[in-house]
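>>> give the three-dimensional model of this entry:
(chains A and B)
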Amino acid sequence: MLELFTSEPNVLFLKPLIALAEKRAPYTLRYFDAANFEQFADGFPSDLESSLQLEREGPLLLHDGTLISSSFFMLEYISEALPGDSLLPGDPYDAYRARAWGQYLGAQLGSIVPVLGAAKYLQPHLAALDPEVVDRRIAAIEPIERRTGWLAVRNGSYTPDYLESVHERLGAPLARIEAALRAGPWLAGPAFSIADIDAYPMLCVLPDLAAASVNAQSTPRIFEYLGRIAARDSLREALRTARTPHPERQFVPGIEASRWG
Amino acid sequence: MAVILYHWEPNANSGKPMLTLAEKGVAYESRYLDLLQFDQHKPAYLAVNPDGTIPAMVHGSRVLTESTPMMEYIDEAFPGPPLKPADAKARWRMRWWMRFFDAYFAPSLSMIGWSIFIGPAARHRPPEELRAAIDRIPLESRRIAWRKALFNEFLPEEIAESKRRVLFATAALERHLSRSAWIAGDRYSLGDINGFNLGYALPLSQPEHCNDSKTPHIMEWLRRIYERPAARETWAKGRTQMATRIKILERTPSA
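Modelled structure (predicted):
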């Protein structure tokens, strides 16, 4: 049995929805509201790996008793374990490039995009809730790294200076993607792959969150790339799981930025 | 197609492809870069890897610079014993733990290592020379790391947090290895190669936290890997005292 525990189809939560739609895999969708702490409710699936996973908040895939966490590896798992066309390049070097993109963009965009989204949407959302309830919910979160992500939003640590430094960090990964798309329409080899499924959900919110950095003039290839993926049936199907009018506005804390600075 | 591997000591990221190639029985041309002499930031190497990070592998016209995806490439591109499990769930587990090692455990352990070893070992030069060396580093994140190490700019709270994380990660790994003989399950895999490069010296650097009474499963796991011919062969390629730390894993004959 295949069950996907997921929230609004945005950022990390959007990734497995696209992959499952590409595979035309039947599965049961278990919806939870990640911005309202439903992933911390009693009975929510959890094990050693899911509780320690470095994305802090994200989708979970429960397949015949095994809980799959960590969104890029979930995409690899969906590609390898389910029937249908492979979503991983067949050539080992293209597969290497897909995995290297997953690692690089996870550390870069995965730690930048959720901060920008949380500052714009999660912070006002939390501020509108009962502060006592929010504090109690956050205080109960383990481990401390996961709790810290919520505390940063709750305590308003996203100062203008900090957000400006986060915006600056976007430059390097965007330049790298823009350069890679000069060589072809997809990130890892001749075909659409999990590298694209991984990158798209982190990029597609940037015309809203970082309009000065991602637009048709500054990043024309990324802009076209987003349009190419948005036109796929799998994406339309994934977005149909939304329960709010604006899934692109639901954010939760993301991956911690490197502690080395 | 010939394989050229640019690497430092058999340790951390350099050791990952070295041990993987040895396990596969792939002969390679070794190009040793001295990290402490900043060989990785010199023009000859930047022509191979413009990011100036170690290791890099060249296979024909292909250049690979990310050590963990590089291990998967080696396993897929060359004959020899498979180093990834046949089962997709076990492969997922292998990758999950490799990410935990690479992105959580290793950065904290290396911050401690850089503050007590790399920094002092590379610091004995005039400050202008050190600053010029830092200016040649291509990646901003690496410039920050070297500046901290060379000028001892680690904050006490950063080091304290790294120590806390090393203990936390050690406990998580001990828990995992108490339920499974190897990282991915019942067979040796790339996950063990990755974890060994991170952890082989833990019993020496963290003797009060990683030892036979507190972490018996980690100790047994490290010794089992140390006994593999490929590990012996790989650590024999070390040129400094660093590689000799592996001897802590020698089993002492019981009395």
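>>> quick check: residues of the stretch 1-150 of chain B near chain A?
Counting by CB under 8 Å from any CB of the partner chain, the residues of the stretch 1-150 of chain B close to chain A are B:62, B:64-66, B:68-70, B:72-73, B:76-77, B:88-89, B:91-93, B:95-96, B:99-100, B:102-104, B:107-108, B:111, B:140-141, B:144-145, B:148. Every C-beta, even on glycine, is put in place using the N, C-alpha and C of the backbone.
>>> the residues you listed, buried ones only, as a ChimeraX selection?
Here is the ChimeraX command that selects only those of the residues of the stretch 1-150 of chain B next to chain A that count as buried (16 or more other CB atoms under 10 Å in any protein chain shown):
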select /B:64,65,66,68,69,70,72,73,76,77,88,89,91,92,93,95,96,99,100,102,103,104,107,108,111,144,145,148
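>>> which members of the residues of the stretch 1-150 of chain B next to chain A occur in helices, if any?
Assigned to helices by DSSP state H, the following of the residues of the stretch 1-150 of chain B next to chain A qualify: B:68-70, B:72-73, B:76-77, B:88-89, B:91-93, B:95-96, B:99-100, B:107-108, B:111, B:140-141, B:144-145, B:148.
>>> which stretches of the chain form strands?
Just so you know, I chose chain A. A:2-6, A:28-31, A:60-63, A:66-68 (DSSP state E).
>>> wrong chain, I was asking about chain B
With DSSP E as the criterion, chain B has strands spanning B:3-7, B:29-32, B:56-59, B:62-64.
>>> show me the one of the ones you listed that comes nearest residue A:8.
Closest to residue A:8 of those is strand B:62-64 (CB to CB; 36.7 Å).
>>> how about residues contacting the closest one?
The contact list for strand B:62-64, computed with CB atoms under 8 Å, 6 or more residues apart in numbering or on different chains, reads A:93, A:96, A:100, B:48-49, B:56-58, B:70, B:73.
>>> as JSON lines, the strands of chain B with mean pLDDT would be great.
Shown next, in JSON lines, are those (pLDDT from 0 to 100):
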{"stretch": "strand B:3-7", "mean pLDDT": "98"}
{"stretch": "strand B:29-32", "mean pLDDT": "98"}
{"stretch": "strand B:56-59", "mean pLDDT": "98"}
{"stretch": "strand B:62-64", "mean pLDDT": "98"}
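>>> kindly compare burial across those strands and name the winner.
Burial of the strands of chain B is given as mean neighbour count (mean count of other CB atoms under 10 Å in any protein chain shown); strand B:56-59 ranks first at a mean of 23.
>>> what sits up against that one?
With CB under 8 Å, 6+ apart, strand B:56-59 has contacts from B:1-6, B:17, B:28, B:45, B:48-49, B:63-65, B:70, B:73-74, B:77.
>>> contacting residues for residue 51?
Chain wasn't specified; assuming chain A. With CB under 8 Å, 6+ apart as the criterion, the residues that contact residue A:51 are A:142-143.
>>> right idea, wrong chain: chain B
So residue B:51 contacts B:65, B:138-139 (CB under 8 Å, 6+ apart).
>>> where is pLDDT lowest across those residues?
In terms of pLDDT, the lowest of these is residue B:139, showing 90.
>>> just give the number of residues close to that one.
14 (other CB atoms under 10 Å in any protein chain shown).
>>> report all helices and strands that the top helix by length along chain B contacts.
Ranked by residue count and defined by DSSP H, the top helix of chain B is helix B:156-179. Packing contacts for helix B:156-179, counted by 3 or more CB pairs under 8 Å, 6 or more residues apart in numbering or on different chains; DSSP states H and E, involve helix A:48-52, helix B:88-100, helix B:106-113, helix B:216-226.
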